[in-house]
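[1] the following block contains a protein sequence and its predicted model.
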Amino acid sequence: MVFSRLFFIFFFFVICIIAYASSGSIKQKNVILLIASLIFYAWGEPVYILLLIVSSVVNYLMALGIEYFRGKKTDYILTFTAVTFNLLILGYYKYSGFIAENINALFSSDIIPMPDIDHMPIGISFFTFQTISYIIDCHWEEVHAEKSYPNFLMYLSLFPQLIAGPIVRYSTVSEEIQDRKICLSDIRYGLNRFILGLSKKVILADNLYEIVKNIFGEAQNDFANIGNATLTGAWLGAICYAMYIYFDFSGYSDMAIGMGRVFGFHFNENFNHPFICKDVTEFWQRWHISLSTFFRDYLLYVPIFGKRRKYGGLFLVWFCTGLWHGANWNFIIWGLYYGIFVFLEMKIGKKNMKKVPVALRHIYNKLVIIIGFGIFYFEDLGKLGTFLKTLFGFGENGLISNIDKMSFVNNMFLIILSVICTFPILSLFKKISEKSFTAQVAVSFSTTWVCAFLLLLCSLLLVNSTNQPFLYFRF
């Protein structure tokens, strides 16, 4: 089930709100959310719901054991066992085929049989990281183990963030699982945030992706169009793809955060206008924040690197960041590519970076980001090489083509609107609303009508569209 489908928006989500609002105690509300979440997951993955339940049972029992044996050797054994269990699940479903394929290619034989996995369980990268953070936080005494299994299963399977994040730590919602109050302002904010995310997805992201497909082609057709791309086309496609990923993923996060607020949960922000950054390090402090903070807190300063653990941990983080996004070499290259720039910025230092004119810093980091997302797009390394050659002026198709001109002219309004929407426009309206009560009323009134219009527009666009699934569903 996809958030940007009419069935979800006007049936499933509405039924959930009505059932939730009609219930009395917090226990009843939690049961309703649990049932809704399991139905939501089973809708698209009826087989893999068993995997989700098995994972929840194992981690629930392990956490109770960790708390019971706290400070003893058994505590460490259970923590190691639980983390290993979660990594093995993720490794089998996401990476076993990649590992087998590369080992077989290395030895030019079928030493390792390819696993019989039709497709990866939806959201496995997200709910596995949530269980890992929960286990480690229990071990570190950051949280108490959840005593109620239904409550723990609800936390793990909560449908707003189950499929594509943000990665919600138990510490963020533990108190709200036990008791939360819902007010009209939260519901209003949540619905507006949901509509904003839907608009990012349907109006901007899906249409930007059409430009990308026309210039580069898609994975399923072996990126057929990249061989015909010009220098201008390569840059246009890469820029549109960078904005597409932003609006697609941040749109999903907005919808998840909005739905969470409707049901009384306050999820942490996952994006903070990353394209206004002045360097690559800042970009990653603003992009997919829940993943960045996960690796920072649980992986950055691993002891195996000794005195150089700061830099060793840094490259391990970026290797894992790339690998987390997909079992393919381009994702690993993509992660290490960013790791190199973050490392260089650390060596240069913030003071020296600030001496560089702001305009040059913006140009530098935008070039790095745009090239980076080009690497992210091309899973075929041969086609990635063609893309990079074309991007740097070594392609065979010249500077610009009539197709490039038509692509830009026909989509000029969309591209300009997308660029504008990468800036913190809503923060500006928030500041205006704080100036006076009249301004607050005016902004509130206009927000309601703008969101109503956006919902209507998205609905009309969805009626006759083959809506593109959220990109991060595949992770």
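    Arrived safely. Residues are numbered from 1 along each chain as shown.
[2] what's the burial count for the closest residue to residue 424 other than its chain neighbours?
    Counting by Cβ to Cβ, 6 or more residues apart in numbering, residue 424 lies nearest to residue 273, which is 4.7 Å off, once chain neighbours are set aside. In this view, the C-beta of every residue, glycine as well, is placed from N, C-alpha and C. As a burial measure, residue 273 scores 17 neighbours (other Cβ atoms under 10 Å).
[3] same check, this time on residue 16
    Neighbourhood size, residue 16 [other Cβ under 10 Å]: 23.
[4] show me the contacts for the residue nearest to residue 422 when sequence neighbours are not counted.
    Distances taken as Cβ to Cβ, 6+ apart place residue 275 nearest to residue 422, at 4.2 Å, with adjacent residues excluded. Counting by Cβ atoms under 8 Å, 6 or more residues apart in numbering, residue 275 touches 246, 283, 366, 369, 422-423.
[5] low-confidence ranges in this protein?
    Within the chain, the segments meeting pLDDT under 70 span 219-223, 300-310, 465-475.
[6] before we move on, the earlier item: residues in contact with the residue nearest to residue 424?
    286, 422-424.
[7] counting only helices, which of these make the cut?
    residue 286 (DSSP state H).
[8] show me the contacts of residue 273 that map onto strands.
    Counting by DSSP state E, no part of these is found in strands.
[9] so how do I select the buried members of the contacts of residue 273 in PyMOL?
    Applying 16 or more other Cβ atoms under 10 Å to the contacts of residue 273, the buried members can be selected in PyMOL as follows:
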select buried, resi 286+422
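[10] among the contacts of residue 273, which two are most distant?
    With distances taken as Cβ to Cβ, the most widely separated pair in the contacts of residue 273 is 286 and 423, at 12.6 Å.
[11] list residues touching both of those two?
    The contact sets of residue 286 and residue 423 overlap at 273, 276 (Cβ under 8 Å, 6+ apart).
[12] returning to that earlier point: and the residue nearest to residue 422, how far from residue 86?
    In this view, residue 275 and residue 86 are 33 Å apart by Cβ to Cβ, to the nearest Å.
[13] ok, residue 296 next?
    Taken as Cβ to Cβ, the span from residue 296 to residue 86 is 19 Å.
[14] what of residue 170?
    On the measure of Cβ to Cβ, residue 170 and residue 86 end up 14 Å apart.
[15] what touches both of the two?
    Applying Cβ under 8 Å, 6+ apart, one finds that no residue jointly contacts residue 170 and residue 86.
[16] does residue 342 sit in a helix, a strand or a coil?
    Here residue 342 takes the helix state, with states given by DSSP: H, G, I helix; E, B strand; the rest coil.
[17] ok, it touching residue 282?
    No. Assessed by Cβ atoms under 8 Å, residue 342 is found out of contact with residue 282, at 10.1 Å.
[18] buried ones in the helix or strand residue 155 falls within?
    In this structure, residue 155 sits in helix 149-157 according to DSSP states H and E. By neighbour count on 16+ other Cβ under 10 Å, the buried set for helix 149-157 is 151-157.
[19] can I get these in TSV with distance to residue 354?
    Putting the buried residues of helix 149-157 into TSV (distance: Cβ to Cβ, whole Å) gives the following:
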residue	distance to residue 354
151	47
152	46
153	48
154	46
155	42
156	43
157	45
